[in-house]
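*Asks:* The sequence isn't on hand, but the structure is:
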């Protein structure tokens, strides 16, 4: 039955198996056409406890959504239409439901018949979009409209990235007001029904999933937050590249699952994993700092002058770390580790250990710079420069040198020859070219005999002390500083 309702009582003589009229008065609202019909039986999940309800629902909708201020009077037969736990001695309530119950105290009018009335605020929208077939009016005791606290039986999946959706299963979800994961509010949630919620993970944390309503909350531990993951090829700085549409903030855990290009400076991150067959490309002046670990199962490529700084860089057995162009630098932080069991393409790039560190695996470097104690194993080759800065040395392992390589002493103070230059005339420990560089650097050639496969250059304001060793130089000796002879020196080139 559809009638136009303004600020006067309008009677709806409606009912199905019995007569259950209702009166509406749009006391200060906008006049509108309202349709209404009766449902003979109350149903869950709309009601918390149908035994405490009048066994009737009045379904209502309107032509133009909004602008309501309805006074509602319902009628029913107390002897035959009240369910078993409804008590007429208790003042009943009128309830209105769109996505949750709103209730007002009703009034008993006469013996044998209960008549309830209540006025609802103007922001209640009677729209079929809220409840299938329209909004619902019901009558019952207080706790018939109050859901017990929600409970959570499970959620799936048990781990997800920002922007991912988890489905929570449990009870009493219809009056849910909030969902958190690991203590962080989800981006959004949808109440699918009384036992199921779909929630979108925000920038969160591992921990418990909590569903909250006006009557309490339910919690279940065991969620693992995976951080941020790319879901499209594109620029790191564009939200559309990432699941959830937001670029990762500072100190995030990140997974690269596409071809992602880094062209500018970005916030410091906690860790990065590049998935198999995916890529992270450092273009232009792109720079990235990672406080923990970069794990590369795909491709990390430098193509200009950008930088990556990480405590640990693990180039896995299916990974490729390459410098396709430019002079970009991979910095390994103090105490860090560079491991390679995959493909390492040196190009014209640089690797710089900012302090002490360790190299594991087989690597042919272009330029390697050391700023502390470095353990290198036995499978390291230098094709460009091995530069030893102040307080740096090869603690364990012996590097091999290509015929294009130069060993540079750049300490700025006294340095005693060590594992970087042994007494062998070939193989690891046999440098091609040697350069003493940086003002005040003094190189003391101890450890007996030494061989150089190319040239020795002593820069201005530096000193090369041969001490008492035997030194054999295949190339030239170029002295712009000081060379102190303490033993025999054989030079096959020019002096």
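*Replies:* Looks like it came in fine. Not measured: the values here are computed from a predicted model.

*Asks:* pull the longest strand from this structure.
*Replies:* Here the longest strand in the chain is taken by residue count, with DSSP state E as the criterion, and it is strand 329-340.

*Asks:* Mind giving me the packing neighbours of it?
*Replies:* Applying 3 or more CB pairs under 8 Å, 6 or more residues apart in numbering; DSSP states H and E, we find strand 329-340 packed against strand 307-315, strand 350-353, strand 357-361. C-beta here means a position set from N, CA and C on the backbone, and glycine is covered the same way.

*Asks:* So which elements touch the second one?
*Replies:* Counting contacts by 3+ CB pairs under 8 Å, 6+ apart, strand 350-353 packs against strand 329-340, strand 367-370.

*Asks:* on that earlier part again, need the helices and strands packed on strand 329-340 in JSON lines with distance to residue 222 and mean pLDDT, can you?
*Replies:* Compiled in JSON lines, these are given as follows (distance: least, CB to CB, whole Å; pLDDT from 0 to 100):
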{"stretch": "strand 307-315", "distance to residue 222": "28", "mean pLDDT": "97"}
{"stretch": "strand 350-353", "distance to residue 222": "40", "mean pLDDT": "98"}
{"stretch": "strand 357-361", "distance to residue 222": "35", "mean pLDDT": "98"}
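
*Asks:* Columns mean neighbour count and distance to residue 413 on top of those, output as TSV?
*Replies:* Converted to TSV, these look like this (neighbours: other CB atoms under 10 Å; distance: least, CB to CB, whole Å):
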stretch	mean neighbour count	distance to residue 413
strand 307-315	22	26
strand 350-353	22	19
strand 357-361	20	21
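
*Asks:* give me the low-pLDDT residue ranges for this protein?
*Replies:* Scanning the chain with the threshold set as pLDDT under 70 gives 43-48, 79, 87-92, 98-100, 106-134, 142-143, 146-147.

*Asks:* Helices along that one, start to end?
*Replies:* 78-81 (DSSP state H).

*Asks:* among the helices and strands packed on strand 350-353, which is nearest residue 316?
*Replies:* Comparison of the helices and strands packed on strand 350-353 against residue 316 by CB to CB identifies strand 329-340 as nearest, at 8.5 Å.

*Asks:* and that closest one, how far from the chain's centre?
*Replies:* 23 Å (CA atoms, centre = their mean, to the nearest Å).

*Asks:* buried set for that strand?
*Replies:* Under the neighbour-count criterion of 16 or more other CB atoms under 10 Å, strand 329-340 has 329, 330, 331, 332, 333, 336, 337, 338, 339, 340 buried.

*Asks:* For residue 449, state which of those residues is nearest.
*Replies:* Taking CB to CB as the measure, residue 449 lies nearest residue 338 of these, at 31.8 Å.

*Asks:* picking up where we left off before, distance to residue 148 added to the helices and strands packed on strand 350-353, as TSV?
*Replies:* Rendered in TSV, the data for these read as follows (distance: least, CB to CB, whole Å):
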stretch	distance to residue 148
strand 329-340	53
strand 367-370	65
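
*Asks:* Excluding its own residues, what touches the longest strand of the chain? List them.
*Replies:* Counting by CB atoms under 8 Å, 6 or more residues apart in numbering, strand 329-340 makes contact with 291, 302, 307-315, 321, 349-363, 372, all of which sit outside it.

*Asks:* go on, stretch 213-226?
*Replies:* Contacts of stretch 213-226 with the rest of the structure, by CB under 8 Å, 6+ apart, involve 146-155, 158-161, 164, 166, 170-173, 175-177, 181-182, 201, 204-211, 253, 255.

*Asks:* List the ones among the residues you listed that fall in strands.
*Replies:* Using DSSP E, the members of the contacts of stretch 213-226 that fall within strands are 151-155, 159-160, 166, 170-171, 176-177, 181, 207-211, 253, 255.

*Asks:* Filter those down to the buried ones, PyMOL style.
*Replies:* Provided next is the PyMOL selection string for whichever of these are buried by 16+ other CB under 10 Å:
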select buried, resi 151+152+155+160+166+170+171+176+181+207+209+210+211+253+255
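
*Asks:* rewinding a little: okay, the helices and strands packed on strand 329-340 in TSV with distance to residue 70 next?
*Replies:* Shown next, in TSV, are these (distance: least, CB to CB, whole Å):
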stretch	distance to residue 70
strand 307-315	63
strand 350-353	73
strand 357-361	74
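
*Asks:* mind checking which of the ones you listed is nearest residue 367?
*Replies:* Across the helices and strands packed on strand 329-340, the minimum distance to residue 367, taken as CB to CB, is reached by strand 350-353, at 4.5 Å.

*Asks:* Can you list the strands that that closest one pairs with?
*Replies:* Using DSSP bridges, strand 350-353 pairs in its sheet with strand 329-340 (parallel), strand 367-370 (parallel).

*Asks:* Distance check, residue 20 against residue 327.
*Replies:* Using CB to CB, to the nearest Å, residue 20 is found at 84 Å from residue 327.

*Asks:* Comparing those two, which residue is more hemmed in?
*Replies:* More neighbours surround residue 20 than the other of residue 20 and residue 327, with 23 against 15 (other CB atoms under 10 Å).

*Asks:* Quick check: that one vs residue 63, distance?
*Replies:* Here the criterion is CB to CB. By it, residue 20 lies 23 Å from residue 63.

*Asks:* Tell me which stretches of the stretch 51-200 of the chain form strands.
*Replies:* The residue ranges that make up the strands of the stretch 51-200 of the chain, judged by DSSP state E, counting those that start in this stretch, are 57-62, 70-77, 93-97, 101-105, 113-119, 135-140, 151-156, 159-160, 165-171, 176-181, 184-185, 188-193, 196-200.

*Asks:* So which of those is nearest residue 407?
*Replies:* Put simply, out of the strands of the stretch 51-200 of the chain the one that sits nearest residue 407 is strand 159-160, at 48.5 Å, with distance taken as CB to CB.

*Asks:* Show me what that closest one is packed up against.
*Replies:* strand 216-225.

*Asks:* Flag every buried residue along the strand it packs on.
*Replies:* Within strand 216-225, the residues scored as buried using 16+ other CB under 10 Å are 217, 218, 220, 223, 225.

*Asks:* Spell out which strands sit alongside it in the sheet and which way each one runs.
*Replies:* Each strand paired with strand 216-225, and its direction, by DSSP bridges: strand 159-160 (parallel), strand 207-213 (antiparallel).

*Asks:* quick check, distance from the first one to the centre of its chain.
*Replies:* Translated: strand 159-160. Centre-to-centre, strand 159-160 and its host chain are 10 Å apart (CA atoms, centre = their mean).

*Asks:* And for stretch 27-47?
*Replies:* 45 Å.

*Asks:* do stretch 453-472 as well
*Replies:* Using CA atoms, centre = their mean, the distance from the centre of stretch 453-472 to the centre of the chain it belongs to is 53 Å.

*Asks:* begin at 296 from here
*Replies:* All right, first residue 296 from here; so that's stretch 748-767.

*Asks:* need the contact list for residue 619.
*Replies:* For residue 619, the contacting residues are 596, 597, 598, 640, 642, by CB under 8 Å, 6+ apart.

*Asks:* farthest-separated two in those?
*Replies:* 598 and 640 (11.9 Å).

*Asks:* looking at it, residue 488 is touching residue 468, isn't it?
*Replies:* Yes: the pair residue 488 / residue 468 is scored as a contact, 7.3 Å apart, by CB atoms under 8 Å.

*Asks:* which one of these two has more residues nearby?
*Replies:* Between residue 488 and residue 468, counting by other CB under 10 Å, residue 468 is the more crowded of the two (25 against 9).

*Asks:* mind checking how far residue 628 is from residue 604?
*Replies:* Applying CB to CB, the value for residue 628 to residue 604 is 6 Å.

*Asks:* Understood, closing this out.
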